[in-house]
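Visitor: Sequence and computational prediction follow.
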Amino acid sequence: MKKIIFATTNQGKVREVKMMMEDFGVDFVTMKDAGIDIDIVEDGKTFEENAIIKAKTIMEATGEIALADDSGLEVDYLDGAPGIYSARFLGEDTPYDEKNKYIIEKLKDAKGKERSARFVCAMAVAFPNGEIETCRGTIEGLIGYEQKGKNGFGYDPIVYVPEYEMTTGEMAPELKNSISHRGKALEQMKEILKRKLDLN
């Protein structure tokens, strides 16, 4: 069975991706499982660049296929912030509860479509032969007026998806994974991996 290392230490991402990769037919290993402790400098200018940096770093360190995801929240009223700085927004150690409250406060004068936002997820896979492939998924929503939902992680409690009349933080994991930015990117990534690894 082919081994793929997931280049992240974010346990929320690990949980979601493991659930979605369950029946895929590869040995899906986290950095923690593989005993890898590397501090990766994410200095790319786009989600894709950061995902490539992470995947390439882990592939070069291990000689194994490495999969990485760089994702974040783009709020139109804030000119696309926090964007690629979503994890570091207001400081890396600031709890998401505070980050979410800050964004809600910043949008206190925004009405209706002015509150538009999206989650973006770029994924990259780096192969030992040097090949790299990327894909991207998004989910559109609106910034809510308060935090709602204990499912998910990060900015999930403030991104309201009108179509489902709830935040991504209120969604059951199965629903969220089927419509989320990460879910969409991973479906594309599975196709890339099937093609590259001859999986049926």
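Guide: It's in. Residues are numbered from 1 along each chain as shown.

Visitor: for Leu67, helix, strand, or coil?
Guide: Here Leu67 takes the strand state, with states given by DSSP: H, G, I helix; E, B strand; the rest coil.

Visitor: Can you give me the distance of it to Lys18?
Guide: Remark: distance between Leu67 and Lys18 (C-beta to C-beta, to the nearest Å) = 12 Å. All C-beta spots, glycine's among them, are computed from the backbone N, C-alpha and C.

Visitor: what about the two, which has more around it?
Guide: Between Leu67 and Lys18, counted using other C-beta atoms under 10 Å, Leu67 has the larger neighbour count: 26 against 12.

Visitor: surely the more buried one meets Met189?
Guide: Yes - applying C-beta atoms under 8 Å, one finds Leu67 in contact with Met189, separated by 6.9 Å.

Visitor: joint contacts of those two?
Guide: By C-beta atoms under 8 Å, 6 or more residues apart in numbering, Leu67 and Met189 have these common neighbours: Met123, Val125.

Visitor: any chance you could map the helices in this structure?
Guide: 11-20, 47-62, 96-106, 173-179, 181-197 (DSSP state H).

Visitor: Out of all residues in the protein, which is the farthest from the middle?
Guide: Each residue of the chain has a distance to the centre, and by C-alpha atoms, centre = their mean the biggest one is for Asp109: 28.5 Å.

Visitor: So what's the residue count around Gly91?
Guide: 9.

Visitor: lowest-confidence helix or strand of this structure?
Guide: Within the chain, no helix or strand scores below helix 11-20, which has a mean of 85 by mean pLDDT, DSSP states H and E.
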